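Novice: Below are the sequence and a predicted model; questions follow.
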Amino acid sequence: MKQLVVISGKGGTGKTSVVSALASVGPKKVLADCDVDAADLHLILSPTILETHEFVSGERPSINPELCTQCGMCIENCKFGAISKNFSIIPEKCEGCGVCSFICPVGAVTEQPRNCGQWFKSDTRFGTMIHAALGIGEENSGKLVTTVRNASTAAAEENGAELVLVDGSPGVGCPVIASLTNADLAVFVAEPTISAVHDLKRVHKLTEHFRIPSMTIINKCGINADQENEIKNFCSEKEILIVGELGYDTIFTKAQLAGLSVVEFDPNGMGKEIKKIWEKMERNF
């Protein structure tokens, strides 16, 4: 079993569109959507949820009104303004630092397990999919990504799948590092814009640090020739294989609106380009 992670360094490069397209080709696979802060792979794959699991991480305080003397020490010491004037916790402001329970002189504040979201095991037309939804304003997205990655690996072993295809998180932070855990290959999806080229270089430093082989797909070709050349020169310098160049085409948007991958929506056009990309990746994977 091999694990392929598609990342971009920034959002909006077309990473999820590429993942859904690659899901349409290749061997039996398990899909993992690790963009838990803003998951959207399910919009194309329309998964049928088989299992729902709560994601509990960290703690949130609870104030017992029967014990509370309303001395105000918790309000005075909370740096986030997460305790109201009537001595109740404001969840969206609470950072779970624990100072209120530490400072309370009568033990009226206790720490409770913090439910931060959910993760799901689902069935799609391309195979099993593991995905998640982090609660609004919640933290520990890296830990939730790790949960998704572990569950996708377990599902692949259970199903005898040859591949785990991961829609990685954008950026270069903790969620991306968690997305890349146990990866055999990282595929960069880069668009020819200044910010995307800058972030491509940053995310390459990350994969280079962890010694993960990488390839690149240039998406939205045709919008900026200078930036396309910048990507190609960078990939040449770093010996990163460019496995495909996809033109800027509204066919991707039309496919999304239809709830289909571009391979399904346009099998004789863009679908053929995706298959060529997969074949090139497979030869060098």
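Specialist: Perfect, thanks for sending it.
Novice: any idea how far residue 186 is from residue 273?
Specialist: Distance, residue 273 to residue 186, using C-beta to C-beta, to the nearest Å: 21 Å. Glycine gets a C-beta too; all of them are placed from N, C-alpha and C.
Novice: Can you check what pLDDT the model gives the closest residue to residue 227 other than its chain neighbours?
Specialist: Excluding its sequence neighbours, the residue lying closest to residue 227 (C-beta to C-beta, 6 or more residues apart in numbering) is residue 192, at 3.6 Å. According to the prediction, residue 192 has pLDDT 96.
Novice: Also residue 84?
Specialist: Confidence score, pLDDT, at residue 84: 96.
Novice: dump the residue contacts of it.
Specialist: residue 90 (C-beta atoms under 8 Å, 6 or more residues apart in numbering).
Novice: so how far is residue 70 from it?
Specialist: 12 Å.
Novice: just for the protein, where's the confidence low?
Specialist: For the chain, the stretches with pLDDT under 70 are 140.
Novice: At which residues are the strands of the stretch 151-285 of the chain located?
Specialist: 163-167, 185-190, 214-221, 241-247 (DSSP state E, counting those that start in this stretch).
Novice: Next, name the residue at the spatial heart of the chain.
Specialist: Residue closest to the mean C-alpha point of the chain, counted by C-alpha atoms, centre = their mean, is residue 35 at 2.0 Å.
Novice: Report the secondary structure element holding that one.
Specialist: Under the criterion of DSSP states H and E, residue 35 resides outside all helices and strands.
Novice: coming back round to it: can you redo the strands of the stretch 151-285 of the chain as JSON lines, where the extra columns are mean neighbour count and distance to residue 112?
Specialist: Shown next, in JSON lines, are these (neighbours: other C-beta atoms under 10 Å; distance: least, C-beta to C-beta, whole Å):
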{"stretch": "strand 163-167", "mean neighbour count": "26", "distance to residue 112": "32"}
{"stretch": "strand 185-190", "mean neighbour count": "26", "distance to residue 112": "38"}
{"stretch": "strand 214-221", "mean neighbour count": "22", "distance to residue 112": "42"}
{"stretch": "strand 241-247", "mean neighbour count": "18", "distance to residue 112": "48"}
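Novice: could those go into TSV alongside distance to residue 53?
Specialist: Converted to TSV, the strands of the stretch 151-285 of the chain look like this (distance: least, C-beta to C-beta, whole Å):
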stretch	distance to residue 53
strand 163-167	18
strand 185-190	27
strand 214-221	32
strand 241-247	35
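Novice: for residue 225, what are its contacts?
Specialist: residue 192.
Novice: on that earlier part again, where does the residue nearest to the residue nearest to the centre of the chain when sequence neighbours are not counted fall, phi/psi-wise?
Specialist: Distances taken as C-beta to C-beta, 6+ apart place residue 169 nearest to residue 35, at 5.1 Å, with adjacent residues excluded. Dihedral pair for residue 169: phi -80, psi 150, per degrees, to the nearest 10.
Novice: what residues are up against residue 169?
Specialist: 7, 34-37, 141, 145, 175-176, 178-179.
Novice: try 6 Å
Specialist: Counting by C-beta atoms under 6 Å, 6 or more residues apart in numbering, residue 169 touches 34-35, 175-176, 179.
Novice: What is the nearest of the residues you listed to residue 151?
Specialist: Set against residue 151, the nearest of those by C-beta to C-beta is residue 34 (11.0 Å).
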